[in-house]
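K.L.:
Quick one, fold the following:
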Amino acid sequence: MEKKELVRLLALENFDPIYEEADRVRRENVGDTVHIRAIIEFSNLCRRKCRYCGLNSANKNAVRYRMSPEEILDTAGQAVRAGYRTIVLQSGEDPGFHKETMGDIVEKIKRMGAAVTLSCGELSYEELDFLKKRGADRYLLKHETADPELYAKLHPCGTLRQRIDCLKNIQSLKYETGSGFMIGLPGQSLRTIAEDLLLLRELDCKMAGIGPFIPHPDTPLAGEEEGSPELTKRAVALARLLLPKANLPVTTALGVIDQKEKENAFACGANVIMKKVTPDPYKEAYEIYPAKLEKTDIIGDRIRLEEQIRQLGRVPA
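P.N.:
Residues are numbered from 1 along each chain as shown. Take a look at the predicted model:
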C-alpha cells in the first residue's frame, strides 16, 4: 500500500472489511494477548512550545512538578508487584532530569524484573546511548505529523527533520523504536495521515501510538474540534496492515472521547493498553489534554483492567 491507496482506504464509506482484515493480521502475527503497560508520568516540566499540548512551556496555568527518584522507584515497585512487566517513564522535555539520574532509575527498575520504555522527548545521541547502556529497552517519540509545514506551525521549537533524525538515532542504538501521530490536527488531511502511516513503515517502528487530537483550553488550539474516533480506528487498522508485528496501543485519548470506541479499537488491530500509575495529585497535573481521572489504585486498577480485557475475548499478558 502506498499513499494513493491509503488515502482511498481512509475515505471508504464502509470500512468493515478492512477492520476484519486488520483483526485477522493482528491475530496471526501477535495473537490474542493484550500487553498492559504501566505509565509513570514523572515530570510535567517541558522546554517545548508545542501549540496543542497543555505541558508547553508557555502555559502559565500549568501546575509544575518533578517526582523524586525515590518516588519514581517506589511507584515502579508497586506496579511490578501488581503484575506489570513494562514500566513506561514519560515526561515533558525536562532539562533538569540529567541522564545520570535517569540512568540510575532505569537500572534499578530493571533489577525489579521489568522492561523499561522511555518517552522523554528529543534527546541527544549521547544521552540516548547512555540510557540504552543502562538498560532501557524501548523509546517512544511520536512524530505527531509527517507534514513538514504543518509540523512547523504546531512546533515553533523544532523541525520535523530534527524529530526524524532523533528517531533514526533511537533505531540505530537498537532500541525497540516507537513513534505515532494524532488524528484531527487543524490543517491535517487524509493525504497527511497516509504520509504519517508510511513514515511509521519507513522507520520500521516496533510500536506506534495513534490517537485523536483533544484541544486543551490553555493552548493556542483551544477552540479547535477534537479528532474523529472513527478515523483514529481506521488509522490503527491500516498501521496493523503496514506493520503486522508491531505493538499498537489503544491510546488513552480515545477513551477520553468515547470509552466504547476505546474498546472497539481492540477489534481493529490494537494489542496494547497503557495504564497510568502516576501518584495523585501528580496525575492530575500531567494534563497534555483535559481528562477526568480517577484516583490511582495500582492493584485494583490492574485487576479491573484484566477483567475488561477478558470480557472482550482477549488474554491479558
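
K.L.:
and the helix or strand encompassing Ala22, what does it pack onto?
P.N.:
According to DSSP states H and E, Ala22 maps onto helix 16-30. Under the contact definition 3 or more CB pairs under 8 Å, 6 or more residues apart in numbering; DSSP states H and E, helix 16-30 sits against helix 229-242. No exception for glycine: its C-beta is placed from N, CA and C like everyone else's.

K.L.:
where does the closest residue in space to Arg48 that isn't next to it in sequence land in three-state SS?
P.N.:
Nearest non-adjacent residue to Arg48, counting by CB to CB, 6 or more residues apart in numbering: Cys157, 4.9 Å away. Here Cys157 is coil, with the state taken from DSSP: H, G, I helix; E, B strand; the rest coil.

K.L.:
Which secondary structure state does the residue positioned nearest the centre of the chain sit in?
P.N.:
Centroid check for the chain by CA atoms, centre = their mean gives Gly209 as the closest residue, at 4.4 Å. Taken by three-state DSSP, the conformation at Gly209 corresponds to strand.

K.L.:
Model confidence for it, exactly?
P.N.:
Gly209 carries a pLDDT value of 96.

K.L.:
Would you quantify the distance from it to Tyr139?
P.N.:
Gly209 is 12 Å from Tyr139, where distance means CB to CB, to the nearest Å.

K.L.:
Find residues that contact each of these two.
P.N.:
Common contacts of Gly209 and Tyr139, defined by CB atoms under 8 Å, 6 or more residues apart in numbering, comprise Gly178.

K.L.:
Spell out the residue ranges of the helices in the stretch 201-317 of the chain.
P.N.:
Applying DSSP state H, counting those that start in this stretch to the stretch 201-317 of the chain gives helices spanning 229-242, 252-257, 259-264, 282-285, 298-311.

K.L.:
from these, which stretch is densest packed?
P.N.:
Of all these, helix 229-242 has the most neighbours on average by mean count of other CB atoms under 10 Å, namely a mean of 24.

K.L.:
How about residues contacting it?
P.N.:
Contacts for helix 229-242 (CB under 8 Å, 6+ apart): 1, 6, 9-10, 15, 18-19, 21-22, 25-26, 181, 183-184, 193, 196-198, 200-201, 208, 210-212, 246, 248, 250-251, 254, 257-258, 261, 264-265, 268-270.

K.L.:
ok, of those residues, which come out buried?
P.N.:
Buried by 16 or more other CB atoms under 10 Å: 6, 9-10, 15, 18-19, 22, 25-26, 181, 183-184, 193, 196-198, 200, 208, 210-212, 246, 248, 250-251, 254, 257, 261, 264-265, 268-270, out of the contacts of helix 229-242.

K.L.:
which helices and strands sit right next to the helix or strand that comes right after the helix holding Ala22?
P.N.:
Next helix or strand after helix 16-30 toward the C-terminus (DSSP H and E): strand 33-43. Contacts defined by 3+ CB pairs under 8 Å, 6+ apart place strand 33-43 against helix 69-81, strand 86-91, strand 272-276, helix 298-311, strand 315-316.
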